[in-house]
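In: Here is a sequence together with a model predicted from it:
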Amino acid sequence: MIDEINTKISEYISYFVNTHESTKNHKNYWREPIVAFADASDPLFSRLKKVVSPEHFLPSEILRNCESVIVYFIPFKGDVVQSNSKGLRSSKEWAEAYILTNQLIVRLNRFLSEKIQNMGFETVEIPPTHNFDEEKLISYWSHKHVAYIAGLGKFGLHKMIITEKGCCGSLGSIVTDLKLQPTDRPKNEFCLYFYNQSCAECVEKCPFGALGIDDFDRKKCYQVCLSNAELHSKIGYADVCGKCSSNVPCSLKNPVREDREKLDGRKVRK
């Protein structure tokens with residue numbers, strides 16, 4: 001029964017992304033979403049108070065008697081990623097995809113909440129972005145860390161989550177007292193650097209020196225994002241960059257899985 005509800009939740013998310021009203025007035029920027037589920041009592045949530053910040057919320061601090069966290073990744077299409085692979089500033093297409101995806105996530109969470117509440121359960125919707133302290137640059141709810149806990153992917157050298165459909169896209173999450181079957185966390189690395197140190201293209205792609213092999217200057221990165229927000233202010237607020245994730249092996253896929261399959265002599269799955 002729980003597995004059936006998991007499937008139904010995934011179908012709701014897929015349906016909404018594929019039929020979202022923005023696709024009627026704009027280019028469709030998205031591929032099929034990936035969905036994962038976490039047990040709200042997973043001990044890794046408590047660790048976030050040490051790893052991220054003491055102020056990072058537990059699921060139970062957002063929703064009393066919380067049972068599950070639903071996390072999903074909406075991957076960008078290849079042409080969006082390619083558009084952002086050149087130059088020092090984020091492309092207009094990348095900025096617009098970011099803005100529209102944030103709008104989509106807000107509406108998707110509302111849609112999903114209504115579906116779950118109709119089942120008789122409670123939900124709390126989490127904003128897709130700008131849920132962080134602008135001085136400390138630390139979030140009270142880190143979608144990427146929650147995605148890791150839910151088994152949606154693994155961290156890459158660029159500090160982002162790499163999923164089976166890459167790292168270029170946006171994450172959304174919602175908490176609920178509906179009990180769902182947790183997704184198993186993958187055991188293998190998804191980042192080629194962490195797998196066999198065969199790649200560090202994300203570091204090479206950062207033109208501002210904010211990302212290094214052993215360090216990350218989040219303040220320098222954020223200043224670049226703010227400059228892009230100013231550049232694209234006419235289309236909305238897009239405090240993004242994405243140079244380290246565009247046109248690299250993990251942009252659109254899990255490159256380690258492909259590498260392992262080649263080594264094992266198996267046919268590479270699309």
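Out: Nice, I can see it.
In: which regions of the stretch 1-150 of the chain lie under the pLDDT threshold?
Out: 1-2, 21-27, 130-137 (pLDDT under 70).
In: Show me where it has its strands.
Out: Ranges of strands within the stretch 1-150 of the chain are 34-39, 68-75, 123-125, 132-133, 138-139, based on DSSP state E, counting those that start in this stretch.
In: of all those strands, which gets the most neighbours per residue?
Out: strand 68-75 (a mean of 27; mean count of other CB atoms under 10 Å). For the C-beta atoms, the positions are set from N, CA and C on the backbone; glycine is no exception.
In: Nearest to the spatial middle of the protein, which residue is it?
Out: residue 171 (3.1 Å; CA atoms, centre = their mean).
In: where does that one land on pLDDT?
Out: Per-residue pLDDT puts residue 171 at 97.
In: and the angle from the helix or strand where it lies to strand 68-75?
Out: Assigned by DSSP states H and E, residue 171 falls within strand 169-176. Per axes from the mean of the first three to the mean of the last three CA atoms, to 10 degrees, the angle that strand 169-176 makes with strand 68-75 is 160 degrees.
In: For strand 169-176, name the packing helices and strands.
Out: strand 68-75, helix 92-118, strand 123-125, helix 143-149 (3 or more CB pairs under 8 Å, 6 or more residues apart in numbering; DSSP states H and E).
In: Out of the ones you listed, flag the one nearest residue 190.
Out: Nearest to residue 190, of all the helices and strands packed on strand 169-176, is helix 143-149, at 10.4 Å by CB to CB.
In: Give me the contact list for the closest one.
Out: Contact partners of helix 143-149, identified using CB atoms under 8 Å, 6 or more residues apart in numbering, comprise 36, 38, 42, 44-45, 48, 51-52, 56, 69, 71, 73, 126, 128, 153-155, 160-161, 163, 171-173, 185.
In: Among these, the buried ones, what's the PyMOL command?
Out: Only the buried entries of these go into this PyMOL selection, using 16 or more other CB atoms under 10 Å:
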select buried, resi 36+38+42+45+48+52+56+69+71+73+126+128+153+154+155+160+161+163+171+172+173+185
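In: low-scoring stretches of the stretch 151-270 of the chain, by residue?
Out: Using pLDDT under 70, the stretch 151-270 of the chain drops low at 263-270.
In: all helices for it, in order.
Out: Counting by DSSP state H, counting those that start in this stretch, one finds helices in the stretch 151-270 of the chain at the ranges 192-196, 201-205, 218-231, 255-263.
In: Would you mind telling me which of those is nearest residue 96?
Out: Closest among those, using CB to CB: helix 218-231, at 12.0 Å.
In: buried sites along that closest one?
Out: 221-222, 224-225, 228-229.
In: got the angle between that helix and helix 92-118?
Out: 100 degrees.
In: Of the helices and strands packed on strand 169-176, which stretch is the most buried?
Out: Comparing the helices and strands packed on strand 169-176 by mean count of other CB under 10 Å gives strand 68-75 as most buried, with a mean of 27.
In: who does that one touch, helix- and strand-wise?
Out: Checking 3+ CB pairs under 8 Å, 6+ apart, strand 68-75 ends up next to helix 2-19, strand 34-39, helix 92-118, helix 143-149, strand 169-176.
In: mind saving the C-alpha coords of it as PDB?
Out: Below are the C-alpha coordinates for strand 68-75, written out as PDB (Å, rounded to 0.1, in the frame of the first residue of the first chain):
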ATOM      1  CA  SER A  68       8.200  11.700   5.500                       C
ATOM      2  CA  VAL A  69      10.000  14.200   3.300                       C
ATOM      3  CA  ILE A  70       9.300  14.200  -0.400                       C
ATOM      4  CA  VAL A  71      12.200  15.500  -2.600                       C
ATOM      5  CA  TYR A  72      12.300  15.900  -6.300                       C
ATOM      6  CA  PHE A  73      14.700  17.100  -9.000                       C
ATOM      7  CA  ILE A  74      13.500  18.800 -12.100                       C
ATOM      8  CA  PRO A  75      16.300  18.500 -14.700                       C
END
